[in-house]
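Chemist: compute the structure for the input listed below.
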Amino acid sequence: MSSSSVARVERDGELALVIVNNPPVNTITAEVRTGLKQALQQIQASTEVRGVLLLCEGSTFFSGADIGEFSGPPKEEEYRELFNGYEALSVPVVAAMHGTVMGGGLEIALACHYRVAATGTRFGMPEVTLGIIPGGGGTQRMPRLIGADQALEMIVTARPVDAAKGRELGFIDAIIEGDLRAGAITYLRSLIGAGKGPRRTGEMTVPAASATAEAFERARAQARKLYPNRIAAQVAVDVVQAAMRMSFQQGLEYETQRVNECKESVESKGAVHVFFAERETRRIPGLSDSVRARPVKSAGVIGAGTMGGGIAICFANAGMKVTLLDANEQALAKGLANLDKIYQSMVDRGRLSAEDKARRMALIGTSLSYDSLQDADVIIEAVFENLDLKRCIFRELDRVAKPGAVLATNTSTLDIAQIADVTQRPQDVIGMHFFSPANVMPLLEVVRTAKTSDETIRTVMDLAKPLRKTPVLAKVCYGFIGNRMMEGYAREAERMVLEGATPRQVDSALEHWGMAMGILAVFDMAGIDVGVNVHKANAEQFPPDPAYYQADFALHDAGRLGQKNGKGYYRYEPGDRSRYDDPEAIEIIAERARQLQVPQHQHTQEEIIERCLYPLLNEGLRILGEGVALRASDIDVVWAAGYGFPRYRGGPMFYAETLGLDVLLAGMRRYQDIFGPMHWQPAPLLLELVERGLTIAQWESLQGQAQQSGAAR
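Modeler: I've put the predicted structure just below:
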């Protein structure tokens, strides 16, 4: 039988095998849908086919719909007709699945009559995390198969389940051991032999016992808790509930209507923006395709503390040998014990087998001597923020490292050019700023100096993939992208507690708005001493403001370091990370405010949000205008992936335009009138954009055109 470029129909006796191969992950693109439609028409025209098997080649069954189509005309009707066409076939249709089957990939399988899966296949409906709902029949078919309550659990939580759980829930009919294709063919033939024909999901009814008022209210409460400020999960509950009172066809049409409403929401546009922004970070304008990455098979990490240990885990998880170096045996022993503890917690939670733990720990060696790093392909320094110490280390690395080894620093604020200058190979020196805990947080700020070679940049950007990091390239400046923007955001939070706001007032306002954690609680978690040391080491970087970060300094002077010693902005109990209000902390800050003669006043939630966010957005625009970041979307990725900025708000630059650049400028000027110009000077780019009536995207487009014409000349 004939085929398209991505889908073909093969015959195996009385069976028709519809086989799709659309690398890398079999996304259901327009081309795939066309191929599936052509295959359907061929099967409909044949009188010899007694059963149909749908399967994919490559690493996975259909991974999902094409998110790139979200911004274009609605495609749901096309999906609906295609899936309904397979469901309407008069012979049994079996979906044979493997890999990671998500969203639309699972929905097409639900339209098949039977579903089998390879051991270890994972299934999920992650749509609500992108601000939408399943739009290919998932809200109508899944409740008919497994009940409304279980369908809501999958859709609202967006948590994936494995094949065994799918079998238990009832949307998987059989798990195939060994060769999937051969096993699925045997399964289909057994159906035909037993006289079993089509079993159409759309002809089933939702089990009444699964669709009680309590079940729907429980799902709504869960949606409110998991997704504050968002509507998609609530809409999903509405549409699943409609499966009870509407016909199947009406339910599908209602699903289409509601998913298209969701696509127009800021929540969806923001989440989709971040999704594509994360893919874009690896594209470096001006970096020629001919520039090749150096191979990286082994690494060295200097500093066996929390950060160094986390970085070592990243390499071990990627299957690379890594040598952990520290100044003494005690530090190494403590570091290794921490690594063992982290891996053991993964084993205890079922995230890792004991064999995997042993294999990964075996990849981590220790040493007290720099000479042991002479064969490492990349060496990352991860000691505390002290420029002299880091320069000392890099002199040693320059002595021992092999030619072409990447020499990286994990500094979060210091001038990497000054570190590179102590070596004879500044072209190999680069910043690799991991975020704590390094083995968990997905962001990696890659910081180039004026002398960093293209080859070094390419090597580190490519290395991010096996390390499972999202890399964002930045230029050298104080704090790079993330921490530089943090300065104003945190400055105002600290200033407001000096003005009489409580730490909980400030943090609760930020968390209610959508930040993963209030900034003062973040300081407690990271260690108040860390921030104080950074501000002491970089005192010349900051404006002459006697109240600058003085809440931190007051608590530090009183011996309050945060969670590490049970008292910071809040009080903590042993073994409990819950935050307890502490009158002592509030009084320490109030006493410092009296010494500094900081005026006191009441703060509304609106003021807290504005005073923290406006400087953050403004500094992002300053960074973009200076060329520290390559593009606005990179800034959005840094804050969404590294600082807990809500993805559904799209990141700071996306949010600035949601808010309105004119509104941001007016806000900056309003607070400038109250507090003076020292901290509230609008960024030149903000002034330019508002004056010229440009969006950020329009400005970036004009910049790109100017650079191209300059290069042409």
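Chemist: can you tell me the closest non-neighbouring residue to Trp699?
Modeler: Closest residue to Trp699 apart from its sequence neighbours, by C-beta to C-beta, 6 or more residues apart in numbering: Leu689 at 6.0 Å. All C-beta spots, glycine's among them, are computed from the backbone N, C-alpha and C.
Chemist: and the end-to-end length of stretch 355-369?
Modeler: Length of stretch 355-369, first residue to last, C-alpha to C-alpha, to the nearest Å: 30 Å.
Chemist: what lies in contact with it?
Modeler: Residues outside stretch 355-369 that contact it (C-beta atoms under 8 Å, 6 or more residues apart in numbering) are 304, 312-313, 315-317, 319-329, 332, 335-336, 339-340, 343-344, 346-347, 372-373.
Chemist: model confidence over that stretch, on average?
Modeler: For stretch 355-369, the mean pLDDT works out to 96.
Chemist: for stretch 654-663, same thing?
Modeler: The average pLDDT within stretch 654-663 is 98.
Chemist: list the buried ones in that stretch?
Modeler: The neighbour-count check on stretch 654-663 (16 or more other C-beta atoms under 10 Å) flags 654-657, 659, 661 as buried.
Chemist: and for that stretch, what's in contact with it?
Modeler: Stretch 654-663 is contacted from outside by 266, 270, 273-274, 613, 617, 620-621, 632-633, 636, 645, 649-650, 664, 686, 689-690, 695-696, using C-beta under 8 Å, 6+ apart.
Chemist: what of stretch 179-190?
Modeler: Residues from elsewhere that reach stretch 179-190, judged by C-beta under 8 Å, 6+ apart: 12, 15, 17, 51, 53, 55, 92, 94, 96, 98, 114, 116, 118, 173-174, 176-177.
Chemist: can you tell me the SS state at Arg399?
Modeler: Three-state call for Arg399 (DSSP: H, G, I helix; E, B strand; the rest coil): helix.
Chemist: Ala39 too?
Modeler: Going by three-state DSSP: Ala39 is helix.
Chemist: that one and Ala174, how far apart?
Modeler: Ala39 sits 23 Å away from Ala174 when distances are taken as C-beta to C-beta, to the nearest Å.
Chemist: more neighbours: the two, which one.
Modeler: Neighbour totals were compared for Ala39 and Ala174, and Ala39 leads with 25 against 18 (other C-beta atoms under 10 Å).
Chemist: correct me, but the more buried one touches Val6?
Modeler: No: the pair Ala39 and Val6 does not pass the contact test of C-beta atoms under 8 Å, sitting 10.5 Å apart.
Chemist: thinking Gly35 is in contact with Ala7, fair?
Modeler: Yes: Gly35 is within contact range of Ala7, at 2.7 Å (criterion: C-beta under 8 Å).
Chemist: joint contacts of these two?
Modeler: Val20.
Chemist: can you confirm Glu81 is in a helix?
Modeler: Yes: Glu81 sits within a helix when classified using three-state DSSP.
Chemist: how many neighbours does it have?
Modeler: Glu81 - counted by other C-beta under 10 Å - has 12 other residues nearby.
Chemist: and the pLDDT at Ser4?
Modeler: At Ser4, pLDDT is 68.
Chemist: what's the nearest residue to Asp12 if we skip its chain neighbours?
Modeler: Ile185 (6.1 Å).
Chemist: now do that neighbour against Ala96, distance only.
Modeler: For Ile185, the distance to Ala96 equals 9 Å [C-beta to C-beta].
Chemist: and these two? which has more neighbours close in?
Modeler: Between Ile185 and Ala96, Ala96 has the larger neighbour count (other C-beta under 10 Å), namely 27 against 20.
Chemist: can you list the helices and strands that the helix or strand in which the more buried one is found packs against?
Modeler: Using DSSP states H and E, Ala96 falls within strand 93-97. Counting contacts by 3 or more C-beta pairs under 8 Å, 6 or more residues apart in numbering; DSSP states H and E, strand 93-97 is packed against strand 51-56, helix 104-111, strand 114-118, helix 180-193.
Chemist: pLDDT at the residue lying closest to Arg167 once chain neighbours are set aside, what is it?
Modeler: Nearest non-adjacent residue to Arg167, counting by C-beta to C-beta, 6+ apart: Ile175, 5.9 Å away. For Ile175, the pLDDT comes out at 98.
Chemist: pretty sure Ile175 sits against Ala164.
Modeler: Yes: look at Ile175 against Ala164 with C-beta under 8 Å: they come within range, at 6.9 Å.
Chemist: higher neighbour count, those two?
Modeler: Each of Ile175 and Ala164 has its neighbours counted (other C-beta under 10 Å); Ile175 has more, 17 against 14.
Chemist: could you dump the buried residues of stretch 654-663 into CSV and include secondary structure and distance to Gly251?
Modeler: Formatted as CSV, the buried residues of stretch 654-663 follow (DSSP: H, G, I helix; E, B strand; the rest coil; distance: C-beta to C-beta, whole Å):
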residue, secondary structure, distance to Gly251
Phe654, helix, 33
Tyr655, helix, 35
Ala656, helix, 39
Glu657, helix, 36
Leu659, helix, 37
Leu661, helix, 42
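Chemist: which positions in stretch 420-431 come out as buried?
Modeler: By neighbour count on 16+ other C-beta under 10 Å, the buried set for stretch 420-431 is 420, 422-423, 425-431.
Chemist: how many other residues sit next to Gly312?
Modeler: One correction, residue 312 is Ala, not Gly. Applying other C-beta under 10 Å, we find 31 residues neighbouring Ala312.
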